[in-house]
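Asker: Here's my sequence, what's the structure:
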Amino acid sequence: MEDLIMTLARFNNYPSVFDQLFDTDLFDWNNRNYSDTNTTLPSVNIKENADAFKVEMAVPGFDKKDFKIALDHNVLTISSEKKVENETKNDEHFTRREYSYQSFSRSFTLPEAANGDKISAKYDNGILNIEIPKREEAKPKPMRQIAIA
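Answerer: This next block holds a predicted model:
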């Protein structure tokens, strides 16, 4: 019995793989990523090529005027606040009235290769596309031949 207690004590002193996974910066679920309305945060894809980083955020049902995109100290923040009210005419009364309110904020720290001065954004068919160009000095240079004198 004493061996079992010692084994359990040793096991409990080591952090689990699950704890280690969520203690890393891989998942940045702090105050920088939240939804005030308890709705699901929009899904994001981030792509990179030789010239730029591209952020694709799935946000169907929004208008481009619903978004705020800001860059502050190399942190890109995408947020939205959307309120929809169902209207009635003057001669009607409410038997039921529903409000729709959604808000979220997602933030990403830009890599040093990013050129924050030239970020562009476009909203089309439910997808918010943000392009973050790379600085010229961060772009890969093509191989060149060196002449021997």
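Asker: for residue 65, helix, strand, or coil?
Answerer: The three-state label given to residue 65 by DSSP: H, G, I helix; E, B strand; the rest coil is helix.
Asker: if I look at it, how far off is residue 133?
Answerer: Distance, residue 65 to residue 133, by Cβ to Cβ, to the nearest Å: 25 Å. For the C-beta atoms, the positions are set from N, CA and C on the backbone; glycine is no exception.
Asker: quick one, which of the two is more surrounded?
Answerer: A count of neighbours by other Cβ atoms under 10 Å puts residue 133 above the other of residue 65 and residue 133, at 18 against 9.
Asker: what about the more buried one, helix or strand, and which?
Answerer: When elements are assigned from DSSP states H and E, residue 133 belongs to strand 127-133.
Asker: buried sites along that strand?
Answerer: By neighbour count with 16 or more other Cβ atoms under 10 Å, strand 127-133 contains the buried residues 128, 130, 132, 133.
Asker: Over to stretch 105-120?
Answerer: Buried-residue list, stretch 105-120, by 16+ other Cβ under 10 Å: 105, 106, 107, 108, 110, 114, 115, 119.
Asker: how close does residue 73 get to residue 110?
Answerer: 10 Å.
Asker: swap in residue 50?
Answerer: Residue 50 is 17 Å from residue 110, where distance means Cβ to Cβ.
Asker: Next: residue 52.
Answerer: From residue 52 over to residue 110 (counting by Cβ to Cβ), the distance is 12 Å.
Asker: Common neighbours of these two, please.
Answerer: residue 132 (Cβ atoms under 8 Å, 6 or more residues apart in numbering).
Asker: re the thing from before, now render the buried residues of strand 127-133 as CSV, adding distance to residue 91 and pLDDT.
Answerer: CSV is the format used below for the buried residues of strand 127-133 (distance: Cβ to Cβ, whole Å; pLDDT from 0 to 100):
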residue, distance to residue 91, pLDDT
128, 40, 96
130, 46, 96
132, 52, 96
133, 56, 96
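Asker: Rebuild these as JSON lines, extending it with distance to residue 144.
Answerer: Converted to JSON lines, the buried residues of strand 127-133 look like this (distance: Cβ to Cβ, whole Å):
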{"residue": "128", "distance to residue 144": "38"}
{"residue": "130", "distance to residue 144": "33"}
{"residue": "132", "distance to residue 144": "27"}
{"residue": "133", "distance to residue 144": "23"}
